[in-house]
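Asks: Predicted model and sequence below, questions to follow.
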Amino acid sequence: MCIVEVIKQRRRNFIGEFIHSFDHANMLHHAASNITNIKNIIREIYNNRNMYGIEEEAEASSGDAEQAYQLLERRRRYLEEDDVVGYVDDTETLAKKLIQGTPQRDVISIIGMGGLGKSTLAKKVYNNSNVKNHFRCQAWVYVSQEYKIRELLLSILKCLIPISEEIYEMPDEELKRTLCENLKGKRYLLVMDDIWKTQVWDEIKDSFPNELTGSRILITSRIKEVAMYASKNDPHFLRLLNENESWELFCKKMFRGESCPSNLEELGKQIVRCCKGLPLSIIVLGGILALKEKSYFTWSKWLCRDNLIQDKTQCLDILGLSYIDLPRYLRSCFLNVGVFPEDYEISARQLTKLGIAEGFIQGTCNREEEDVAEDYLEELIDRSLIQVASRRSDGGVKTCRIHDLLRDFCIKEGAQQKFLVVHSNPKHSLTNKPRRVSILCETSQCLSLDHWDPSCARSLLLFNSQLNFDTNHWRWIYKGFKLIRALYLKKLVSSIPKQLGKLIHLRYLMIDGDKYDRLNAIPASICKLPFLQTIDIKFCVINWLPKDIWRMKQLRYLKISKGIRLPVPRITMYESTLSNLQVLSRLVVTSQTVSLVTKCRFPNWVQNSAATF
């Protein structure tokens, strides 16, 4: 199959992992045989398309072919190792400190301002072959300003062992003991990235055995006092890049291995000097100019703009230029990334669904919204505004992150435009009418209509995972957020009230439940939501979908973590078909299920939950 079709059909596995019931093995085998036969017929038609006179699609897809090639080229580039410039000596020095020295547990720290490349250097050292061979086990955890000790402990444990139900339900003190037991007798390396407070070390240090095994803990921080608190060793201070290193990094970003045209070199070096050796500024500025015409006239205009920068060391002015330079269709997509917590690993699929629900992403006559969204995300990555955290096996983005300086910019710019507000302090009231609300604080004080007016809000994301969501909180949502299009709740939701059906503009509903929550029903009123496209509920025990599920003509994505059964369509119901459904997960197979599939109740069903996007 040609490269265009491979990309356009990457999600089109039709049924894939279709069912999970072992009691119906014969039925599954029969269904699989039918699917194989259909695929063979399609393949034969495709291979003989010239004989059948099928040429129109190939001509119409010439633009798609170019886009497909560019997408594969982007993926190939980003599967290569990230550019690291100027830190060869730093890498070797830190690797020696980790491998050599005292047999006692030791703490080594990297200190530097935001945007200097502390995490990049730590990752380079972490993946160094000598370092990997030296330590029996390794773990990496992002800390950030908004850390939760329990999540840090679980994140470290996940690097070491599978997380069982017993471990997940442990109190924090027992988690610490479990972590300690799994590290005892081993030479381990732990990276604690982006520490802001000394109390983090106080809360977690006893979990790391202090034995004569040569274990090491590598921390990164902007604050010298934090590093000195964890260890009396002299921190490794990360310096700014010199002019030659800055120019090398800029050229890597701009020209991808090719040399800079001689007529642009001197002008380019003047532009790079404006970044004052700060890698993040160089990378972001390079991301802007890489998409511009490589001419003296174009670069001269940017040099004039950069000369207006007053406080170059803070980087935010250059970040502002990168935002202004974004096409309008990307600005909302970029600012919307600011709703996620600091150092949060963001699911590309979730980002896509939110963007579609909000209307930031529109499909075309021959491209679906998900494909357009992937292009948008790759473009933000090309501009160095988003970082890839992990990729799928086909090279597409699976998860991503945003640098905390860029996130700060999104929050600041979003607040000025009343585009979004991130609420992390219950003592602060929200004075304007934000259109997107992200709540990070762990107290119900944030969930009060007395402090602010959510009547204009289009999306609500609640990340306060320790809050037990009860009927009062639901009332707060359906009474205050009447225009809401996207709703995300993190954990601890035991029921969904029927009043959810009042949110008639809702397009996206995700409940990111705890692994052992017990959400056991979806109210029938949800079927009355005329625009709902996505229902994504993790970790629940729902067995049956509401009988009126067949009325949801806009439903595209239905993912529920436990096995579900489809209700029998009512005979009197007009068109008992989910015509737009593309993803349906964890379907329990019965003879009724096979009948529904073979009668094309889901004519556009293209993948199941096993797909990565």
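Replies: Done, it's in. Everything quoted here is computed from the prediction, not taken from an experiment. Numbering: from 1, shown residues only.

Asks: Which positions within stretch 179-192 qualify as buried?
Replies: Judged by neighbour count (16 or more other CB atoms under 10 Å), stretch 179-192 contains these buried residues: 179, 182, 183, 187, 188, 189, 190, 191, 192. Heads up, the C-betas are built off the backbone N, CA and C, glycines and all.

Asks: go on, stretch 94-101?
Replies: Using 16+ other CB under 10 Å as the test for burial, stretch 94-101 gives 94, 95, 97, 98, 99.

Asks: Turn those residues into TSV, including pLDDT, distance to residue 232 and secondary structure.
Replies: Output for the buried residues of stretch 94-101, formatted as TSV (pLDDT from 0 to 100; distance: CB to CB, whole Å; DSSP: H, G, I helix; E, B strand; the rest coil):
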residue	pLDDT	distance to residue 232	secondary structure
94	94	17	helix
95	94	21	helix
97	93	14	helix
98	95	17	helix
99	95	20	helix
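
Asks: Now flag whichever of the residues you listed is closest to residue 508.
Replies: Here the nearest of the buried residues of stretch 94-101 to residue 508, counting by CB to CB, is residue 94; it sits at 43.3 Å.

Asks: The closest one touches residue 109, doesn't it?
Replies: No - in this structure, residue 94 is not within contact of residue 109 by CB atoms under 8 Å, at 10.0 Å.

Asks: which two in the buried residues of stretch 94-101 are spaced the farthest apart?
Replies: The most widely separated members of these, counting by CB to CB, are 94 and 99 (9.7 Å).

Asks: overlap in contacts of residue 94 and residue 109?
Replies: Residues touching both residue 94 and residue 109 (CB atoms under 8 Å, 6 or more residues apart in numbering) are 218, 236.

Asks: Out of the buried residues of stretch 179-192, which is nearest to residue 548?
Replies: For the buried residues of stretch 179-192, the nearest to residue 548 is residue 179 (47.4 Å; CB to CB).

Asks: got a list of what that closest one touches?
Replies: 153, 156, 157, 160, 207, 208.

Asks: Out of the residues you listed, which sit inside helices?
Replies: Under the assignment DSSP state H, these contribute 153, 156, 157, 160 to helices.

Asks: Adding neighbour count and pLDDT, write these out as TSV.
Replies: Shown next, in TSV, are these (neighbours: other CB atoms under 10 Å; pLDDT from 0 to 100):
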residue	neighbour count	pLDDT
153	23	94
156	23	94
157	22	94
160	17	93
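
Asks: Residue 549: what's its closest spatial neighbour, skipping adjacent residues?
Replies: Nearest in space to residue 549, with sequence neighbours left out and distances taken as CB to CB, 6 or more residues apart in numbering, is residue 527 at 5.8 Å.

Asks: same thing with residue 242?
Replies: Ranked by CB to CB, 6+ apart and with sequence neighbours excluded, the top spatial neighbour of residue 242 is residue 277, at 6.6 Å.

Asks: Please apply the same query to residue 332.
Replies: Sequence neighbours aside, residue 360 is the residue nearest to residue 332 in space, at 4.6 Å (criterion: CB to CB, 6+ apart).

Asks: Next, the one you found: phi, psi?
Replies: phi -70, psi -30 (degrees, to the nearest 10).

Asks: isn't it right up against residue 337?
Replies: No - taking contacts as CB under 8 Å, residue 360 lies outside contact range of residue 337: 11.2 Å.

Asks: quick one: which of those two has more around it?
Replies: Legend: neighbour count by other CB atoms under 10 Å for residue 360 and residue 337, higher for residue 337 (24 against 21).

Asks: How about the contacts made by that one?
Replies: Counting by CB under 8 Å, 6+ apart, residue 337 makes contact with 346, 351, 386, 402, 407, 410.

Asks: The residues you listed in helices, which ones?
Replies: Mapping these onto helices (DSSP H) picks out 351, 407, 410.

Asks: On the pLDDT front, check the nearest residue to the second one once chain neighbours are set aside for me.
Replies: Beyond its immediate neighbours in the sequence, the residue positioned closest to residue 407 (CB to CB, 6+ apart) is residue 338, lying 5.4 Å away. Among the per-residue scores, residue 338 shows a pLDDT of 94.

Asks: Can you tell me the SS state at residue 338?
Replies: Of the three states, residue 338 takes helix under DSSP: H, G, I helix; E, B strand; the rest coil.

Asks: quick one on the thing from earlier: now the buried residues of stretch 94-101 in a markdown table, with distance to residue 212?
Replies: Output for the buried residues of stretch 94-101, formatted as a markdown table (distance: CB to CB, whole Å):
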| residue | distance to residue 212 |
| --- | --- |
| 94 | 22 |
| 95 | 21 |
| 97 | 17 |
| 98 | 16 |
| 99 | 15 |
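
Asks: of the residues you listed, closest to residue 324?
Replies: Within those, the smallest distance to residue 324 is 37.3 Å, found for residue 94 (CB to CB).

Asks: Contacts only, for the residue nearest the centre of the chain.
Replies: Centroid-nearest residue in the chain, with CA atoms, centre = their mean: residue 346, separated by 1.9 Å. Going by CB under 8 Å, 6+ apart, residue 346 touches 337, 340, 389, 399, 400, 401, 402.

Asks: Would you mind naming the residues that bridge with it?
Replies: For residue 346, the beta-bridge partners under DSSP bridges are residue 400.

Asks: Which phi and psi values does residue 189 adopt?
Replies: Torsion angles, degrees, to the nearest 10, at residue 189: phi -120, psi 120.

Asks: my read: it touches residue 99, true?
Replies: No - Residue 189 is not in contact with residue 99 according to CB under 8 Å; the separation is 9.7 Å.
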